[in-house]
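In: Got a predicted structure here, sequence first:
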Amino acid sequence: MILEALMAAAFAGALTVFLAPDEWAGRLAFAISLIPFVGSLYLWSGFEAGGNALLGGDIAYATQIEWLEVGGRSVSWFVGLDGISLPLFVLTTFLVPLAILSAWTPVDTRQSQFYGLMLFMEANLLGVFAALDFFLWFIFWEAVLVPMYFLIGIWGGPRRKYAAIKFFVYTNAASLLMFIGFMSLVFALGDSVSSFALPEIAQAIAAGDLSAWFGIAPDRIAMVAFLAMFLGFAVKVPIVPFHTWLPDAHVQAPTPASVLLAGVLLKMGTYALLRFNFTMLPEQASMLAVPIAAIAVISVIYGAMLALAQKDLKRIVAYSSVSSMGYVILGLIVFTEYGVGGATFQMVAHGLISGLMFMAVGVIYNTTHTRMVGDMAGMADRMPVTVGILIAGAFGYMGLPLMAGFAGEFFIFVGSLSAPALPYAPVFTALAMFGIVIVAGYLLSAMQSTLFGPFELETDYEVGPAAFHDVAPLAVLLVAIIVLGVAPDIFFEMIRDAALPVVEGVTING
Amino acid sequence: MVNGLPAVTALLPVLLLAATGLALLLVDTIRPDARSNTSMAVVGAFGSLAALAAAVWLTASGGVSPDGGAVLLFADAVKVDTMALFFTAIFASVTALVLVAAHDYFHDHANPAAFYSLVTFAATGMALLAVANSLAVVFVALEMVSLPSYVLVAYLKQNRGSVEAGLKYFLVGALSSAIFLFGISLVYAATGSLILADIASASVEGVTGVLGVGVVMMIGGVAFKTASVPFHFWAPEAYEGAPAPVSAFLSSASKAAGFVVAFRVFTEAFPVEMAVSANVNWMLAFAILAAVTMTLGNFAAAVQEEVKRMLAYSSIGHAGYALIGVAALTVDGPANGTVMGAAMAHLLVYGFMNTGAFLFVAMAERWGVGRTFEDYAGLARRAPVASTAMAVFMFSLAGLPPFAGFFSKYFLFQAAIDNGFVWLAGLGAINSVVSLYYYSRVVKALWLDDPESSSALDAIDVRPTALYAAVVFAAVATVLLLPGFGPVIETAEAAASALF
């Protein structure tokens, strides 16, 4: 019942903060958000489960309570964690308090609503990673969109309404597609499943229980379902060419929302791809290995090229997320222990690093009121600590050894270089590696022109160091990135344990 | 019967509603001054809540008869079963919400007594409609719902829009009542009976033509009450012109009353097997009506500029969804009970979310802000709680998780697919996507848009407590019906399955 208690704390906290006065909503929200964080550390310390929750492994902290029945199949409150979901669960509880701290300076209107929505989103994000029943999962999955829509639409930049609606429409349309895809799988399973529990469905598919439905052959249903779910999740990740909502949403979103959007919401997409597409339908995935790997590499290169062309610091970080998510897809599709494990590890690593980058850019923007590369120079002079951490984060992005990003990318490349399930694996890997060069290119050139050299910024106000509560979350994130880079095993061991059954599920065809 | 009480106890919810109506008249006689507004709202709300409690108690205590079946009263003219109680619960809930909200809406009205008693009497008619087992009772109860409704729509008699809406509603209503009555007489001519079960067992050989015309005419009557095509066009006018609490009452409770007629009469008097063998295929008629109604309602709602009118068309769209409950029936269909039960559950959820939405409009009218989407811009700044509730209603009406509207729609479409009506479910899903556009426009206006001028929100200088309470309660119910959907759908499916 610990999982439920943590989610309930976030829900109750959201309601409390929503009704609290604006003056101390921020401090209250921060205090409340520490409860799930401390709780999740406790969950982590007591975590002993092995294997993959969907494929018959242990499920830690599981609760399963029958909820209702639809069409002869039961829907239940079924939550639990395994080696894949626990790191993401911890990532969420870790990022939310920091994101709330980073909101203290920029958010100056309707604070209680803002922080209430942040906590509401946290509760639903935790639900997404913990849920093991399809309906429960889908409800949380959709419920994440609502607070994000408001966060972008109310507190965002000048084009916030456009960005909020684009985000809402894109992701909702994608959810519908994915829902239909998954439901067609359930219909094709017929009477062989008695519930919407994901483990039961995954194991039934693995046992070959798919049968024809409405005269459509099971293989074809599986392929259509795979494509529908892949497209649905591709929007969320996002994968080129479904990425166009992302820069708009990111640039317009307030900094704390960007942090959660890049840090956790994008991982929902890759997490779902891993859980649904690659765990449930490995055969279809390996049939489509080449096109998916190609899309992944295109995402890496194209995203990096787009980032290279930007002048807005936030846009640069946003596009580089597209690029980083490409690595994750590549790691997933190669179906090796290090590939899938590394992809999951990279989800966490990228969550921390992109969170740090967005937060640091946000701190600079709070002071300078501009994010344009050409508008400012020599920021290192005025904000030494912030700039120092930003540079460290950028090196993390480029994959500096002993930082989390290096570990994640290294695992992925190790896994993908010798992937038996993917033809031309070394070619794809080499192309994707080239993306790192571009990343280094745009990050270094952007930093060169904004951070160094003589100070230059046309303002009528003082530009000085940021407040302590602005810099503190940056420092905490940097420490976490380094810790994870030095000792990746604190997560990678359990991830690998949960990823192995997925890899073993794929039959290698040439 | 429960605990050996007399069989007439089964009518307790209906009797409580009727007694409340009479008590309201009594209160008005004792205290015919302006202060009676509060006491009437209290009496009305408690009376309808008592009826709700009675309906829930009778359902929860294991049905209304020892064997879990129905109680037949008055020479079979009245039949109390779980379905009747389920619908009575919807009527009573909506009535309670509307009466509470009316306290603030009519705060300065000279004579609010008529409003409270008319709503309660209309609710009594609806509850009677739910238990009617004879076409004669159906017609009388239907008129008992309609006549107070005409008056209620025209209740603001100084307001031209309200009077015009009342007249339009009356003319269409009178016409459709006549058609419905004529349909009843043709059915009687063909079968020689008014009791539903006897109609089903009568021999119709050689008179199927007469029966068919009668059935089609009765479909017309149902279409009027549920605001479905082809008798839907009164709805936007009436809902827009009527005082918003009345619009809430008509679009939630009165619509559900139309559906209880459709669900009971068409399954008990003209069972699916008979409809197919006698070639009076009303399921096909309802399927076409459902498809046209939901599409027309949703697409017309998408182009509206006024919130109330948009809600009126959305209400037509939802009538289309609920019609799937009778449209997707087949001979020996595996999910006949499920699909009708899902439609009933949808009507219950709809009763809360749609009433809440109209009551929010009532609050806006009370504040004196305008009617269009633009006029609602930035309301969330002054009224965050009510605006949150409205966002809940809108997302739930669109069928988005995590609100009850998601489950009620999903169960309905899933049951339609199980019964082989993939096309109807698919059309419903497409319409739901369209509906997200216009529902989210309200949310956008409330939360994202800036008010036209800094003084635009100054009108919001009062906090109508009772209206707030009703709106917040409806929102809480809309949220809680998601985790609590299990008992609702189980009761509804059991009630509907008993009809087949």
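Out: Structure's in. What do you need?

In: and the gap between the closest residue to chain A within chain B and residue B:183?
Out: Nearest residue of chain B to chain A (CB to the nearest CB) works out as residue B:486 at 3.5 Å. In this view, the C-beta of every residue, glycine as well, is placed from N, C-alpha and C. Residue B:486 is 38 Å from residue B:183, where distance means CB to CB, to the nearest Å.

In: For residue 266, identify the helix or strand it belongs to.
Out: All of this refers to chain A. Element membership for residue A:266 (DSSP states H and E) is helix A:266-272.

In: The chain in question should be chain B.
Out: Residue B:266 is part of helix B:255-268 when elements are defined by DSSP H and E.

In: now residue B:381
Out: Residue B:381 is part of helix B:379-382 when elements are defined by DSSP H and E.

In: Quick check: mean pLDDT of whatever helix or strand comes next after that helix?
Out: Next helix or strand after helix B:379-382 toward the C-terminus (DSSP H and E): helix B:384-398. Average pLDDT, helix B:384-398: 92.

In: Can you list the helices and strands that helix B:384-398 packs against?
Out: With contacts defined as 3 or more CB pairs under 8 Å, 6 or more residues apart in numbering or on different chains; DSSP states H and E, the packing partners of helix B:384-398 are helix B:336-367, helix B:379-382, helix B:404-418, helix B:422-443, helix B:465-480.

In: Now distance to chain A and mean neighbour count too, for those, in JSON lines please.
Out: As requested, the helices and strands packed on helix B:384-398 are exported to JSON lines (distance: least, CB to the nearest CB, whole Å; neighbours: other CB atoms under 10 Å in any protein chain shown):
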{"stretch": "helix B:336-367", "distance to chain A": "7", "mean neighbour count": "27"}
{"stretch": "helix B:379-382", "distance to chain A": "7", "mean neighbour count": "21"}
{"stretch": "helix B:404-418", "distance to chain A": "5", "mean neighbour count": "26"}
{"stretch": "helix B:422-443", "distance to chain A": "7", "mean neighbour count": "20"}
{"stretch": "helix B:465-480", "distance to chain A": "11", "mean neighbour count": "21"}
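
In: ranking those helices by mean pLDDT, which is last?
Out: Across these, helix B:379-382 gives the lowest mean pLDDT, at a mean of 85.

In: Please tell me how far that one is from the chain's geometric centre.
Out: Centre-to-centre, helix B:379-382 and its host chain are 30 Å apart (CA atoms, centre = their mean, to the nearest Å).

In: Once you drop chain neighbours, what's closest to whatever residue of chain A ends up closest to chain B?
Out: Taking CB to the nearest CB, chain B has its nearest neighbour within chain A at residue A:68, 3.5 Å off. Using CB to CB, 6 or more residues apart in numbering or on different chains and skipping the chain neighbours, the partner closest in space to residue A:68 is residue B:486 (3.5 Å).

In: I figured the one you found hits residue A:74, correct?
Out: No: using CB atoms under 8 Å, residue B:486 is not in contact with residue A:74; the gap is 9.9 Å.

In: which residues do those two both contact?
Out: Contact with both residue B:486 and residue A:74 is made by residues A:67-68, according to CB atoms under 8 Å, 6 or more residues apart in numbering or on different chains.

In: Tell me which of these two has more neighbours.
Out: With neighbours defined as other CB atoms under 10 Å in any protein chain shown, residue B:486 and residue A:74 compare such that residue A:74 has more, 20 against 16.

In: Could you list the low-confidence segments of the chain?
Out: You didn't say which chain, so I picked chain A. A:506-510 (pLDDT under 70).

In: please go with chain B instead
Out: Checking chain B against pLDDT under 70 turns up B:1-5, B:33-35, B:62-69, B:456, B:459.

In: residues from it in reach of chain A?
Out: Counting by CB under 8 Å from any CB of the partner chain, the positions of chain B adjacent to chain A are B:335, B:338, B:381, B:384, B:388, B:391, B:395, B:400-402, B:406, B:410-411, B:414-415, B:417-418, B:422, B:429, B:433, B:436, B:440, B:444, B:447-449, B:482-483, B:485-486, B:489-490.

In: and the helix holding residue A:266, anywhere near chain B?
Out: No: using CB under 8 Å from any CB, we find that helix A:266-272 stays clear of chain B, coming within 14.4 Å at best.

In: tell me what the helix or strand following that helix is packed against?
Out: Per DSSP H and E, the first helix or strand lying C-terminal to helix A:266-272 is helix A:279-280. If contacts are counted by 3+ CB pairs under 8 Å, 6+ apart, helix A:279-280 sits against helix A:198-206.

In: Contacts for the helix it packs on next, please.
Out: When contacts are defined by CB under 8 Å, 6+ apart, helix A:198-206 is touched by residues A:53-56, A:59, A:78, A:132-134, A:137, A:185-186, A:189, A:192-194, A:222, A:275, A:279-281, A:505.

In: which residues of chain B fall in strands?
Out: Applying DSSP state E to chain B gives strands spanning B:71-73, B:78-80.

In: Out of those, which one sits most buried?
Out: Stretch with highest mean neighbour count among the strands of chain B: strand B:78-80 (a mean of 25; mean count of other CB atoms under 10 Å in any protein chain shown).

In: Determine how far stretch A:469-479 lies from the middle of the whole chain.
Out: Averaging C-alpha positions (CA atoms, centre = their mean) puts stretch A:469-479 20 Å from its chain's average.

In: Tell me the buried residues in it?
Out: For stretch A:469-479, the buried set under the neighbour-count rule, 16 or more other CB atoms under 10 Å in any protein chain shown, comprises A:470-471, A:473-478.

In: now swap in stretch A:72-88 and tell me
Out: If you call a residue buried by 16+ other CB under 10 Å, then stretch A:72-88 has these buried ones: A:73-88.

In: ok, residue A:500 - contacts?
Out: Going by CB under 8 Å, 6+ apart, residue A:500 touches A:51-52, A:337.

In: Residue B:421 now?
Out: Neighbouring residues of residue B:421 by CB under 8 Å, 6+ apart: B:287, B:324, B:327-328.

In: One more pass at 6 Å, please.
Out: Counting by CB atoms under 6 Å, 6 or more residues apart in numbering or on different chains, residue B:421 touches residue B:328.

In: Stretch A:151-170 vs chain B: in contact?
Out: Yes: Stretch A:151-170 is in contact with chain B by CB under 6 Å from any CB of the partner chain, via A:153, A:161.

In: Residues touching that stretch, excluding its own?
Out: Contact partners of stretch A:151-170, identified using CB under 6 Å, 6+ apart, comprise A:117, A:149, A:235, A:245, A:248-249, A:252-254, A:257, B:448.

In: Of those - the most surrounded one?
Out: Going by other CB under 10 Å, residue A:249 tops the contacts of stretch A:151-170 with 30 neighbours.
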